[in-house]
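Undergrad: any chance you can model this:
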Amino acid sequence: MRPLIALPVWPKAGSVVKALERANEYGFDYVEVSLDYPWPERLKGRALEEVKEARAKYGVAVAIHAPWRDVALASPRPQLREASLKLFEECLGFASSVEALYFNVHVATREAWAIKGVKERIEEAALDSVKRLAGRARELGVELTVENNPEPLFGVPSMLKPLLSVEGVKLCLDVGHVAYANWLVQQRGVEAFKHEVAELEGWVKAFKEKVLVGHLHDYVAEDKEFQDHLMPGAGGADVERDLKLLLEAGCRMLLLEVHWASRKKPAKFEDLRRALKAVSPLIKPG
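TA: Sure, this is the predicted structure:
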């Protein structure tokens, strides 16, 4: 089955309504709205109604990428984790109000995990957070996905496995994040994770049929620099192979998470049209 394909949109783009219009014009199936501040706070009242009206008018669905800055779902400090959960539960309510296809989260903390006993407490906190969010998501009828991080902490299969064992939780598999976590271990010598990382094939083998969403983009991995979220063809990744692996994993929704038209030029809506044109021929209709 052909996956649904999404256009990414975040507050810098200016308008969810405009994104829905462009998605319809270009041939995308849905938009993934990233709730960076000041969204969703400013998407209330009349602004929310306009989003709903545009979604219906253009026949384009909405998915939600939860906030990931300033939040700490895996914090071993209960006060910080509780504040993050409160924010996420409010955002889940917003996701439900726009009938979101899914609600995607990053599970993270900035605590010093290398201190004895801290990593274990972080993993416990993360599991507790995901269980709570999964329960709320089920109540609201929203699919919950957890995305692999672009660093080893919750960016390796062994740390995602317990979270994906929670009832109803699916994986959002980001191909660039897989590559970046591996690059960090290799280039920065993160010894604690050297036997934990896996190539994309390993993720597919570990989580086949648990992958609901894929994030596809190009990336460049050099000795001293890594850059991802590039336009297909602007980096050195085998995008066609990565796409094939995502589909093999059972991915049913695909975000073209292109933030950069080239290594120095930020992407605009028109660049997303080019990305869709580049990727569409690689997907067999089904």
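Undergrad: residue contacts, residue 65?
TA: Residue 65 is in contact with 8, 32, 33, 34, 35, 104, counting by C-beta atoms under 8 Å, 6 or more residues apart in numbering. All C-beta atoms are positioned from the backbone trio N, CA, C, and that covers glycine.
Undergrad: taking those one by one, which sit in strands?
TA: 8, 32, 33, 34, 104 (DSSP state E).
Undergrad: of these, which pair is most distant in space?
TA: Greatest spatial distance among those (C-beta to C-beta): 8 and 104, at 11.3 Å.
Undergrad: closest to the centroid, which residue in this structure?
TA: residue 147 (5.0 Å; C-alpha atoms, centre = their mean).
Undergrad: distance of that one relative to residue 60?
TA: Per C-beta to C-beta, to the nearest Å, residue 147 is found 22 Å from residue 60.
Undergrad: what of residue 266?
TA: Relative to residue 60, and taking C-beta to C-beta, residue 266 is found at 23 Å.
Undergrad: for residue 280, same thing?
TA: Distance check for residue 280 against residue 60: by C-beta to C-beta, it reads 16 Å.
Undergrad: name the residue in these two with the higher neighbour count.
TA: residue 60 (21 against 13; other C-beta atoms under 10 Å).
Undergrad: got a list of contacts for stretch 244-255?
TA: Residues outside stretch 244-255 that contact it (C-beta under 8 Å, 6+ apart) are 1, 3-6, 8, 30, 32, 63, 101-102, 173, 175, 200-201, 203-204, 207-216, 243, 282-283.
Undergrad: oh sorry, the question was meant for stretch 79-89
TA: In contact with stretch 79-89 (C-beta under 8 Å, 6+ apart) are residues 66-67, 71-75, 105, 125, 128-129, 132-133, 136.
Undergrad: rerun that using 6 Å as the cut-off
TA: In this structure, residues lying in contact with stretch 79-89 by C-beta atoms under 6 Å, 6 or more residues apart in numbering are 66, 71, 72, 73, 75, 125, 133, 136.
Undergrad: give the contact list for residue 138.
TA: Residue 138 sits in contact with residue 168, where contact means C-beta under 6 Å, 6+ apart.
Undergrad: which one is residue 3 nearest to, not counting chain neighbours?
TA: residue 254 (4.4 Å; C-beta to C-beta, 6 or more residues apart in numbering).
Undergrad: and that neighbour, how far from residue 21?
TA: In terms of C-beta to C-beta, residue 254 sits 21 Å off from residue 21.
Undergrad: okay, these two: which has more neighbours?
TA: residue 254 (23 against 16).
Undergrad: kindly indicate whether the more buried one is helix, strand or coil.
TA: Here residue 254 is strand, with the state taken from DSSP: H, G, I helix; E, B strand; the rest coil.
Undergrad: how close does residue 46 sit to residue 191?
TA: Taking C-beta to C-beta, one finds residue 46 at 54 Å from residue 191.
Undergrad: state the pLDDT value of residue 209.
TA: Residue 209 is assigned 89 on the pLDDT scale.
Undergrad: contacts only, for it.
TA: Contacts of residue 209 (C-beta under 6 Å, 6+ apart): residue 250.
Undergrad: next, it: phi, psi?
TA: Dihedral pair for residue 209: phi 80, psi 0, per degrees, to the nearest 10.
Undergrad: could you measure from it over to residue 284?
TA: 19 Å.
Undergrad: which residues of this structure fall in helices?
TA: Along the chain, counting by DSSP state H, helices occupy 16-26, 46-58, 78-97, 118-140, 157-164, 175-188, 200-207, 239-248, 269-279.
Undergrad: now render those helices as a markdown table, adding distance to residue 221.
TA: Formatted as a markdown table, the helices of the chain follow (distance: least, C-beta to C-beta, whole Å):
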| stretch | distance to residue 221 |
| --- | --- |
| helix 16-26 | 29 |
| helix 46-58 | 37 |
| helix 78-97 | 31 |
| helix 118-140 | 26 |
| helix 157-164 | 19 |
| helix 175-188 | 5 |
| helix 200-207 | 13 |
| helix 239-248 | 13 |
| helix 269-279 | 20 |
